[in-house]
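Build me a model from this:
(chains A and B)
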Amino acid sequence: MVRIVLPDGKVLERPEGVAVIDVLRDIGPRLARDAVAARVNDELVDLSTRLSQPEVRLSAVMLDSPDGLFVARHSCAHVMAEASCSLWPQTKLVYGPPVEDGFYYDIDLDHSLTPEDFPAIEARMAEIVKEDRPFTRYEMPRGAAMAKLLAEGNEYKVDNAERATGDVLSFYVTGTRDSGCFEDLCRGPHVPSTGRVGAFKVVQVAGAYHHGDASKKMLQRVYGTAWPTRKDLDAHLKRLEEARKRDHRRLGQELGLFTIDPLVGSGLVLWKPRGAVMRHALECLMREELLRRGYQPVYTPHIGRLDLYRTSGHFPYYRDAQFPPLYETDRARILNELWIATYERADGQSLGARELQLLDELRSADRGLYDQLMGAGASAGAGERLAQGPDGREHNLRLIRQLLQHSDGFLLRPMNCPHHIRIFAADARSYRDLPVRLAEFGTVYRYEQSGEISGMTRVRGFTQDDAHIFCTSEQLQQEIADCVDLTKHVLKLLALDDFRVRVGLRDDSDKYVGSRENWAKAEAAVRDAVRHSGMPYTEERGEAAFYGPKIDFVVKDCIGREWQLGTVQCDYNLPERFDLRYTGADNREHRPVMVHRAPFGSLERFCGILIEHFAGAFPVWLSPVQAVVCTVSERSAEYGRGVFELCRQAGLRVELDDSPERIGAKIRAATLAKVPYILVIGEQEAAGRQVNVRTREGAQLGSCSVPEFLVACAQEISSRAVSTARGPVESPKPA
RNA sequence: GCUGCUGUAGCUCAGUGGUAGAGCACGUCCUUGGUAAGGACGGGGCCGUGGGUUCAAUCCCCACCAGCAGCUCCA
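Numbers count the residues shown, from 1 in each chain, chains lettered A, B, ... in the order given. So this is what the prediction gives:
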C-alpha cells in the first residue's frame, strides 16, 4: 500500500502502483480533469506516474500555477517541434526548454526561418493541439536508448543523452507508443495531452550557439510564449507592447534626450540639452553625497601611456575590448607589437614567427634601434641582446619595455583606476591620511563587440561616477560597507527598488591577477560586507573583476534584460602591481588596499534605465523641463511672458508656449513631452495675477499665485520627491 | 564577433525595374481660441555607402556601414 499525504493533511491509502491521475479522480473529478501534472514529494511528474514508495506527499498542479505553466510551456515546445518537423522533415531537434513567459526550441535546419513562417508553424501546432493526442512516456535502458538514437542519426540528441544522468532514458510520444507519432528524448514531465498546452504564439527566431559555445555551429532558436488562456496570452502581448513604449531608445528619441550618430561612431552617446539636464541633476546629487562622505574630487585625462596599462594589467588583458592604441611613432608601434607577440608566447618557447617578422620590420624601419635590441651595436652590452632561447621571454619583455620609455603608445582609458592610483602615488602618504577617497566622473572607452551595443545601456564611451578608496586593511570593512550604503541610498532615492545583488567571485580561469591569499582576503571582506548589509544576494563564480571580487547591483530593463548598475569592488592586487605604500604608525611602509566603486555605474546606462523606470515622466527635480507656460490667447500673452520670466528667475526650468495654437493643442504637446506642470494662462489668470496648474497626468490643481506655485515647486525639487510611472504622482497643492 | 531581419523626408512608415508618397514635426498666413490635435498654403529626399546585373536600379545580386532580436562577450 501507498500512504498518500495531500496538501490539506488528509491521508489516502492506495495499492502500490496506483496512477496519480486515479488518485486525483478519487479526490474529485474536476481536480482530475483540470490538473496538468502533479507534485510527488518535491518532484514534478506526469499524471500517469505510478506511485510506488510507501509514503508520498501529493499535490495536483494546475495550468495557471507556476509549476503548471512550466510544464505546459515545455509541452508546447514539443508541439512546436513536431510542427517544425512536420513542415520541414529535415529538422534536427536539439533542445527545447521552458523559459520565463514561454519556451524555445533550438533546431538545426537548412531553411532559415523568418516571421513569415510563423503562421504556418502556428497553424500546424493548432492542428496538433486540436487532435489532443496524449503525451505518452516510455523508458528504455541507457544502452538500448543510445543505440536507438544513434540509429536515428540526430547527433544532438545523442549528445543530450550522453549528458543525461541515470541508467534509464525516457521518451515522450505525442500519441500512443509505436503509433508512429512524433516522439522526442525528454526527461519530462508533460501535460496529459496536446490539447492542454494553453494559448500559444510563436514570437521570434534568432541564432544560438550549440551549448552556448561560440566555436560550435549556430542553431536556430525559435521562441514561443504560452499561457493558460487566450485572454492571458493577449494580456502578455499587451504588456510587451507597453514595455516597448517605455524603451529608453524610443523615449530618448521622442523626448529629445540623446542621440547616437553613426558619423560620430557606434556606441557613442550624444547627450542633447534635455538629456544633459537630467544627467547634470544626477551628478549634482552625487557630488553632494560624496562631499558629505569625505571624498575628494579629482580630474584626470581620458588617455594614458600604454605602459601605465601594462603596469595595471589592463593592457593586454582586455586588448580585444579596447580601442586600438595610438602610437606616437612607427617604431613605438613595432616595439609594442613585438611586446604583445612576446607576451602572448607561451613560456618556454623560442621566438615565434610573428616576433621574427616584427624584428625584420624593425630592422628596415630603425636600424639603430634594431641593433640596440639585438646587441649588435657598439653601445649595446651583451646583456641587452634579445634573448633567443626558451627562457628569454621575461628578459625580452623587460628589454622592450625599457626601449619603449623613449616613445610609447597611448590608450584611450578603459578604466579610471590607474590615473587615480598615480595621484595617490604622487605624494608620500601616512596612515593618518587614510582613507584617501578620490572621486571623478571619469569617462572611459571600451571597444564593445558590435553585436552588444544597445542604446545607452551598452556603449563604447561612458562616464562612471567613479572613485577609488585607498585604505588600511583594518579600514577596509567599513569602507566597503559605506559604499554599499551609498549605492543603496541613491537607488532608494530614485525608487529603483527592483534590483538584485550579485557577489562576483573568481573562478579557476587564468584571467585573474594576484595571489590566492590576496583573493581570499578580498573575497572574505566583500562577503562579510554584503552579509552585514542584510540584503539578499547570490554568489557567482567567474563574475569578479580581474583584480578583485565585487558586489554588483543588477536591474532589469523594460524588456527584461539585466544590467549591472552600481558596483563595489575590493582590490589587493593593483596596489601591489603599482607598489603603493603608506607609512604606518610603526614608521614602516605598508601596502594600502583599494576599493573601486561606482554607485550609478555608468551615467549612460543609469540614465537609460531611469528613462524606462519613469517611462520618461521624471520626478520634477530630474525633469528636463519642469513647467511650461501656455497662453490661451494673445490677450494673455504678455502676462504669460511675465510669469515665464518670474519662473525662470526663480531657477525653475521653464518653457513658454505663446504660439498662435489653441490651448488644447498646447496642453497636448506639453503632456506628450511629459512636462510635470502645465501653467495655463488666460485672461482670468492675468486679471487675478495667478497661474492655473495642470499636471501631465491630466489633473487640474486649480489656480494660485506665482510665488505660491514657485514655493511648492522649490519644496518638491529640494526634497527630490519621486513618483514612478506606476505609483501616484505627488504634486504641490496650490490654494 | 556569430545567425537572422531591417535601412525611403527631422520622426513613424507606405511604395514601384522607367529617378517617389502619407501622417506627424517644421515654416508662412488666416483664426484670438479656456484644459489632449482649428484651417489653408509651403519648404524639405545622393530611397544607408560602394560595386555589379540591366537600355534603365530606390527596387535584383555582392560587399561594407548602421540599427533591431537572440547567442557569445562585458574590467
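
State the pLDDT value of the most centrally placed residue in chain A.
Closest residue to the average C-alpha location of chain A: A:Trp563 at 2.2 Å, with CA atoms, centre = their mean. You'll see A:Trp563 listed with a pLDDT of 94.

That one contacts A:Val554, doesn't it?
Yes - using CB atoms under 8 Å, A:Trp563 is in contact with A:Val554, at 6.8 Å. Any C-beta I mention is one placed from the backbone N, CA and C, and that applies to glycine too.

returning to what we had before: what residues does whichever strand or helix holds the residue nearest to the centre of chain A touch?
Using DSSP states H and E, A:Trp563 maps to strand A:562-571. Here strand A:562-571 makes contact (CB atoms under 8 Å, 6 or more residues apart in numbering) with A:457, A:476, A:480, A:483-484, A:487, A:490-491, A:496, A:499, A:502, A:522-523, A:525-526, A:529, A:545, A:547-557, A:593-601, A:605-606, A:609.

send the alpha carbons of it over as PDB?
Provided in PDB are the C-alpha atoms of strand A:562-571 (Å, rounded to 0.1, in the frame of the first residue of the first chain):
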ATOM      1  CA  GLU A 562      19.600  42.600 -16.800                       C
ATOM      2  CA  TRP A 563      22.200  45.400 -16.400                       C
ATOM      3  CA  GLN A 564      24.800  46.000 -13.900                       C
ATOM      4  CA  LEU A 565      24.500  49.400 -12.400                       C
ATOM      5  CA  GLY A 566      26.200  50.200  -9.100                       C
ATOM      6  CA  THR A 567      29.400  48.200  -8.200                       C
ATOM      7  CA  VAL A 568      31.700  48.000  -5.200                       C
ATOM      8  CA  GLN A 569      35.000  46.200  -5.800                       C
ATOM      9  CA  CYS A 570      37.700  45.100  -3.400                       C
ATOM     10  CA  ASP A 571      41.300  45.100  -4.700                       C
END
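
gap between it and the chain center?
11 Å (CA atoms, centre = their mean, to the nearest Å).

what's downstream of that strand, the next helix or strand?
As assigned by DSSP H and E, the chain's next helix or strand after strand A:562-571 is helix A:573-577.

List the buried residues for that following helix?
A:Asn573, A:Leu574, A:Pro575, A:Arg577 (16 or more other CB atoms under 10 Å).

ok so, going back, Provide the strand pairings for the strand holding A:Trp563, with the direction of each partner.
strand A:550-556 (antiparallel), strand A:593-598 (antiparallel) (DSSP bridges).

How about the residue nearest to the centre of chain A: which residues does it bridge to?
Residues in beta-bridge contact with A:Trp563 (DSSP bridges): A:Val555.

where's A:Gly348 relative to RNA strand B, distance?
Distance of A:Gly348 to RNA strand B, computed by CB to the nearest atom of the strand, to the nearest Å: 26 Å.

Quick check, A:Gly698 in contact with A:Leu672.
No - A:Gly698 sits out of contact with A:Leu672 when judged by CB under 8 Å, with a separation of 12.0 Å.

if you count what's nearby, which of those two comes out ahead?
Between A:Gly698 and A:Leu672, counted using other CB atoms under 10 Å, the more crowded position is A:Leu672 (12 against 9).

Show me what counts as buried in stretch A:321-341.
Buried residues in stretch A:321-341 (16+ other CB under 10 Å): A:322, A:325, A:327, A:331-341.

Please flag which of these sit within helices.
Among those, DSSP state H puts A:Arg331, A:Ala332, A:Arg333, A:Ile334, A:Leu335, A:Asn336, A:Glu337, A:Leu338, A:Trp339, A:Ile340, A:Ala341 in helices.

In JSON lines: these, plus pLDDT and distance to RNA strand B.
Listed next are those as JSON lines, based on pLDDT from 0 to 100; distance: CB to the nearest atom of the strand, whole Å:
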{"residue": "A:Arg331", "pLDDT": "89", "distance to RNA strand B": "26"}
{"residue": "A:Ala332", "pLDDT": "92", "distance to RNA strand B": "21"}
{"residue": "A:Arg333", "pLDDT": "92", "distance to RNA strand B": "20"}
{"residue": "A:Ile334", "pLDDT": "92", "distance to RNA strand B": "23"}
{"residue": "A:Leu335", "pLDDT": "92", "distance to RNA strand B": "22"}
{"residue": "A:Asn336", "pLDDT": "92", "distance to RNA strand B": "17"}
{"residue": "A:Glu337", "pLDDT": "91", "distance to RNA strand B": "19"}
{"residue": "A:Leu338", "pLDDT": "91", "distance to RNA strand B": "22"}
{"residue": "A:Trp339", "pLDDT": "92", "distance to RNA strand B": "18"}
{"residue": "A:Ile340", "pLDDT": "90", "distance to RNA strand B": "15"}
{"residue": "A:Ala341", "pLDDT": "89", "distance to RNA strand B": "20"}
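
Send me the strand or helix carrying A:Gln357 as CSV with only the CA atoms.
Assessed by DSSP H and E, A:Gln357 sits inside helix A:353-365. C-alpha atoms of helix A:353-365 as CSV (Å, rounded to 0.1, in the frame of the first residue of the first chain):
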residue,chain,number,x,y,z
ALA,A,353,57.1,33.7,-36.4
ARG,A,354,55.3,37.0,-35.5
GLU,A,355,58.3,38.1,-33.4
LEU,A,356,60.7,37.4,-36.2
GLN,A,357,58.6,39.2,-38.7
LEU,A,358,58.4,42.2,-36.4
LEU,A,359,62.2,42.2,-35.9
ASP,A,360,62.6,42.3,-39.7
GLU,A,361,60.2,45.2,-39.9
LEU,A,362,62.1,47.0,-37.1
ARG,A,363,65.4,46.4,-38.9
SER,A,364,64.2,48.2,-42.0
ALA,A,365,62.3,50.9,-40.1
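
contact partners of it?
A:330-331, A:334-335, A:337-338, A:341-342, A:345, A:351, A:369-370, A:373-374, A:386.

likewise stretch A:393-403?
By CB under 8 Å, 6+ apart, stretch A:393-403 touches A:307, A:310, A:335, A:338-339, A:342-343, A:345, A:347-349, A:369, A:372-373, A:384, A:386-387.

Now the buried members of those residues.
The buried subset of these - by 16+ other CB under 10 Å - is A:307, A:310, A:335, A:338-339, A:342, A:345, A:369, A:372-373, A:384, A:386-387.

Could you single out the nearest of those to RNA strand B?
A:Arg310 (12.9 Å; CB to the nearest atom of the strand).

The closest residue to that closest one other than its chain neighbours: how many residues sit nearby?
Nearest residue to A:Arg310 in three dimensions, chain neighbours excluded: A:Arg401, at 6.8 Å (CB to CB, 6 or more residues apart in numbering). Number of residues near A:Arg401 (other CB under 10 Å) recorded here: 17.

Okay, buried residues for the helix or strand harbouring A:Arg401 please.
Using DSSP H and E, A:Arg401 falls within helix A:392-403. Counting neighbours by 16+ other CB under 10 Å, one finds that the buried residues in helix A:392-403 are A:Gly392, A:Arg393, A:His395, A:Asn396, A:Leu397, A:Leu399, A:Ile400, A:Arg401, A:Leu403.

repeat for stretch A:415-433
For stretch A:415-433, by 16+ other CB under 10 Å, it's A:Met415, A:Asn416, A:Cys417, A:Pro418, A:His419, A:His420, A:Ile421, A:Ile423, A:Phe424, A:Arg429, A:Tyr431.

how is chain A carved up into domains?
A:2-62, A:67-242, A:246-328+A:408-613, A:329-407, A:627-718 (automatic domain parsing).

residues in the stretch 551-700 of chain A within reach of RNA strand B, list them.
Residues of the stretch 551-700 of chain A lying near RNA strand B by CB under 7 Å from any atom of the strand: A:559, A:561, A:567, A:631-637, A:660-665, A:667-669, A:671-672, A:678, A:680, A:682-685, A:692, A:694, A:696, A:698, A:700.
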